[in-house]
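Chemist: Show me the folded form of this:
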Amino acid sequence: MELDTESKVLESLEVFKISKDFRAAQKILEDGIKRFPDSKAILLQAHNNCRALGDLNAAVVLSSRLRDVHPDYFDSYARLTQDFNSLKKFDDAVSVIEEGLIRFPSDKWILLAALQTYRHLDRIKDAVACGETLAERHSDFVQFYRPYFDILLICGNYGAAQELLARTAAGVERAEMHLNLLLSQRMYDEYFSELERYVSLFPMKSTDYARRLRDFSILQKEPSDQRHRVDSDVDIICIASDEAPYISDFIHHYTYLGFKRIFVGLNNCSDDTQKIIEKIAGIFPNVFVIDVNAVISAFKQSGCYAHLFEYARKESSSKYCMFVDVDEFWVADPFPSTIQTFMKDIATCDCISFQWINILGESIFARPLALSGKIGINPHVKSLVRYDSEYIGFGAHAPTIANIESPRTHLGRDPVANHRKTPTGYAVHQITPASLMPKLQDKGLG
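Modeler: Sure thing, here's the model as predicted:
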């Protein structure tokens, strides 16, 4: 077919849209844009196609072009804003959407994109204002229900959230909203009961709900004895799989730096890791070995961390524990400061996070802390948490704290809050925001 008109370009796309052959469609669209660079219809199809291919950078180019050549088209602002949000370019997103709000102050898609952008930027009052306008003028626009509902939970406006929930159609989305409402209010008995009900009601989510039931029952379980906990004492929790070359260095490092107990979850080991740990444990009674094969296969890393946390909490009189991997060696400035020295001037916290210092270019099995390669601070963290605080989940790098009053989270010794409010609690930053990043030469870092 000769693609000499816009309609023929669009007509030729139909077969590829049906077959979902987005790459073949892309070739036609690229040619169409060359021939008809200002065509709204072709730009829209090309933009949709780039999103389907996951090419976000190309999508931004197209939505920018759409906005530039069709400034009076409302969706050009919404699309460009969504693309910038997907790329986490929130300052660019807010600039675009605020121009869109001036031009189209009542458009539902503009208001929704603005609500989502303000949420990313923690401009909660502005997000609420967008949600209120949507509720007033577009009450049947169901796409805004969930993002606005989440904003209402962050604000603690549970009455309005309940009203919006009542208007949401039955299904998995409504179930998730209901669970978050209960969790945000710390109505744990009701949350647990509803999870049990939803396991059978929504088979497609049963595995996820079953994992959440188990993890939550562990995290919310009261310790059998309210023992006195030593403020400056910290334990180590790790998962080990075929770590024979490292595990001895790992255990002796943390013992040397004053960590009270080391809880090692053994996962699918085919080397001598277990023999080495058990030999060390025969000399150091502070080393505990726990088989987690069944736990991690069924409940993944987060469930395994919850399992080990509960085990350690029962066995330990320490106030805190730290989750690390076997190839990670915590140190504090000046080295070799003990963990007790580091903790003695820190008030009680729910979570303290530490960044990685990556040592790159080392030879295999180089001595730990030899600093023989290129050194840099990685914005990812690992975290130390308090046994008797209230958590609703453990991530690979940091926990989510329940919706308690005034949680205390630090980045190392820095007392600036290191968390973000979520609909269900407080998510400790797993990746350090640029505004909190320390420099390598800063003193006193952990």
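
Chemist: CA atoms for contacts and neighbours, from now on please.
Modeler: Noted.

Chemist: Checking my notes, E362 in a strand, right?
Modeler: No. Assigned with DSSP: H, G, I helix; E, B strand; the rest coil, E362 falls outside any strand and is coil.

Chemist: Isn't it up against G373?
Modeler: Yes. Between E362 and G373 a contact is recorded at 5.4 Å, counting by C-alpha atoms under 8 Å.

Chemist: Okay, buried residues for stretch 327-338 please.
Modeler: Within stretch 327-338, the residues that qualify as buried are 329-332, 337-338, counting by 16 or more other C-alpha atoms under 10 Å.

Chemist: quick one: T424 from V172, how far?
Modeler: The gap separating T424 from V172 is 17 Å, by C-alpha to C-alpha, to the nearest Å.

Chemist: Show me which of these two is the more surrounded one.
Modeler: Comparing T424 with V172 by other C-alpha atoms under 10 Å, the one with more neighbours is T424, at 22 against 14.

Chemist: who are the neighbours in contact with the more buried one?
Modeler: Counting by C-alpha atoms under 8 Å, 6 or more residues apart in numbering, T424 touches 153-154, 180-181, 183-184, 402-403.

Chemist: quick one, phi/psi of it?
Modeler: phi -110, psi -10 (degrees, to the nearest 10).

Chemist: Give the full set of residues in contact with the closest residue to it other than its chain neighbours.
Modeler: Closest residue to T424 apart from its sequence neighbours, by C-alpha to C-alpha, 6 or more residues apart in numbering: S184 at 4.2 Å. By C-alpha under 8 Å, 6+ apart, the residues touching S184 are 153, 402-403, 423-425.

Chemist: swap in T117?
Modeler: T117 touches 81, 85, 90, 93-94, 127, counting by C-alpha under 8 Å, 6+ apart.

Chemist: Which one (most neighbours) among those?
Modeler: Busiest of these [other C-alpha under 10 Å] is T81, holding 31 neighbours.

Chemist: Backbone dihedrals for the residue nearest to T424, please?
Modeler: According to degrees, to the nearest 10, S184 has phi -60, psi -40.

Chemist: What helix or strand is Q355 located in?
Modeler: strand 351-360 (DSSP states H and E).

Chemist: Can you tell me the SS state at the nearest residue to N48 once chain neighbours are set aside?
Modeler: Using C-alpha to C-alpha, 6+ apart and skipping residues adjacent in sequence, the residue nearest N48 is A59, 8.0 Å away. Secondary structure, three-state DSSP: A59 is helix.

Chemist: Isn't A59 up against C50?
Modeler: Yes. Counting by C-alpha under 8 Å, A59 does reach C50; the two are 5.5 Å apart.

Chemist: higher neighbour count, these two?
Modeler: The neighbour comparison of A59 against C50 (other C-alpha under 10 Å) goes to A59, with 25 against 21.

Chemist: which ones are touching that one?
Modeler: If a contact means C-alpha under 8 Å, 6+ apart, then A59 has 47-48, 50-51, 83 as its contacts.

Chemist: With pLDDT and distance to G32 added, can I get those in JSON lines?
Modeler: What follows is the contacts of A59, written out as JSON lines (pLDDT from 0 to 100; distance: C-alpha to C-alpha, whole Å):
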{"residue": "H47", "pLDDT": "95", "distance to G32": "13"}
{"residue": "N48", "pLDDT": "93", "distance to G32": "14"}
{"residue": "C50", "pLDDT": "93", "distance to G32": "14"}
{"residue": "R51", "pLDDT": "95", "distance to G32": "18"}
{"residue": "D83", "pLDDT": "98", "distance to G32": "22"}
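
Chemist: Just the ones of the residues you listed in helices?
Modeler: Counting by DSSP state H, those place 47-48, 50-51, 83 in helices.

Chemist: Could you check how far stretch 103-123 is from the centre of its chain?
Modeler: Mean C-alpha position of stretch 103-123 versus that of the full chain (C-alpha atoms, centre = their mean, to the nearest Å) differs by 22 Å.

Chemist: Noted, bye for now.
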